[in-house]
Each structure stands twice: as structure tokens, then as C-alpha cells.
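Novice: heads up, no residue letters with this:
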């Protein structure tokens, strides 16, 4: 009987020591790193259903002489678009101090302005955001708001056929 009490007490102490050891090791390994890698950036849900286009094609459609201004606003503004494979240049970053960057014909205001500082010259990125309307700085240019800069291919945008992600339980 005495042996069983000692065995039970030893098991409880060993179990408590394991829990303390595991939580301290897990805490040290996850909190000691300053830079996290492979962290998926926040992308608003609307952006997963974005339209893949080139800025020139979007500009040509929006400013087409065959469409009225009201119809263009209704069709294109407030919609999310993704531009893939843009190389970050020094010229692109020249306006970063003003809270935006130029991506071809797009004046891009990021969702998080601090993300501009993470862009490096020579990096290839995908740009996704919402068209906010024409830009008054240059003819045939557009303003985008809520822009997210992603490493090329980091997240599949647009998502594609959503029917493949439906949950169909069988009983």
C-alpha cells in the first residue's frame, strides 16, 4: 500500500514537471524570435474573389470612349482586382513617404501603411486591392485603396471556382 502511494506521488510529480518543462520550452521557442517567417498576411475575404487583370487593361476598360462615366463607376469601382508579378523598383518606392506607391498606372494606398517599408527593390510581388476611382495626378490612372502587397504566388488569388470548397456532408 505504501509502495502504491509513493508510485502515485512520483507519477504526479513527474507529470507536473513534464507540463512545466513543455510549456516553458514551447514559450521560449515561440516568443524568443523577433522575425516570424511563413506568416500568412491578413487578406480581406473580399479579395479572394478578386479579378485578375493588368493595370493597363483595367485602365483601358474604365476610360474607354465606348462607356459612360456613370456606367464605368458602377462596373469597376468598389471591385477588388489583383495584379500579379510586379517587380518593386526604386521609382515605385519614391512616394512611399506620402503613404502610397505607384504600381504601373495605379496609385496604391495600402491597407497597412507600415507594409510599404517591408518592400525591397528587386522583389516580385502580387498587388491586390479595391478600385476607388480615377486618379487626378495623371491621365488614365486609377486610385486603389486597401492594397495588400504579397510575395508572388504566396496566396492563390483569385481563388477560382468556389464550388470545390463547399462542404457536403454525407450521412
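Specialist: Great, that's in hand. As the structure is a prediction and not an experimental result, all values here were calculated from the model.
Novice: Name the next helix or strand downstream of the helix or strand of the chain with the lowest mean pLDDT, please.
Specialist: Ranked by mean pLDDT, DSSP states H and E, the weakest helix or strand in the chain is helix 2-31, scoring a mean of 45. Per DSSP states H and E, helix 2-31 leads on to strand 51-52 as the next helix or strand towards the C-terminus.
Novice: by contact count, what packs against that next one?
Specialist: Here strand 51-52 touches strand 80-87, going by 3 or more Cβ pairs under 8 Å, 6 or more residues apart in numbering; DSSP states H and E. All C-beta atoms are positioned from the backbone trio N, CA, C, and that covers glycine.
Novice: Tell me which helix or strand comes right after the strand it packs on.
Specialist: Next along from strand 80-87, by DSSP H and E: helix 90-93.
Novice: Indicate each strand paired with the helix or strand that that following helix is followed by and its parallel or antiparallel sense.
Specialist: Next along the chain after helix 90-93, taking DSSP H and E as the criterion, comes strand 101-103. As defined by DSSP bridges, the strand partners of strand 101-103 come to strand 106-110 (antiparallel).
Novice: Following element in sequence after the strand it pairs with, please.
Specialist: The helix or strand immediately downstream of strand 106-110 is strand 124-134, counting by DSSP H and E.
Novice: buried set for that next one?
Specialist: By neighbour count on 16 or more other Cβ atoms under 10 Å, the buried set for strand 124-134 is 125, 126, 127, 128, 129, 130, 131, 134.
Novice: Dump these into JSON lines; add pLDDT as well.
Specialist: What follows is the buried residues of strand 124-134, written out as JSON lines (pLDDT from 0 to 100):
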{"residue": "125", "pLDDT": "94"}
{"residue": "126", "pLDDT": "93"}
{"residue": "127", "pLDDT": "94"}
{"residue": "128", "pLDDT": "94"}
{"residue": "129", "pLDDT": "95"}
{"residue": "130", "pLDDT": "96"}
{"residue": "131", "pLDDT": "96"}
{"residue": "134", "pLDDT": "94"}
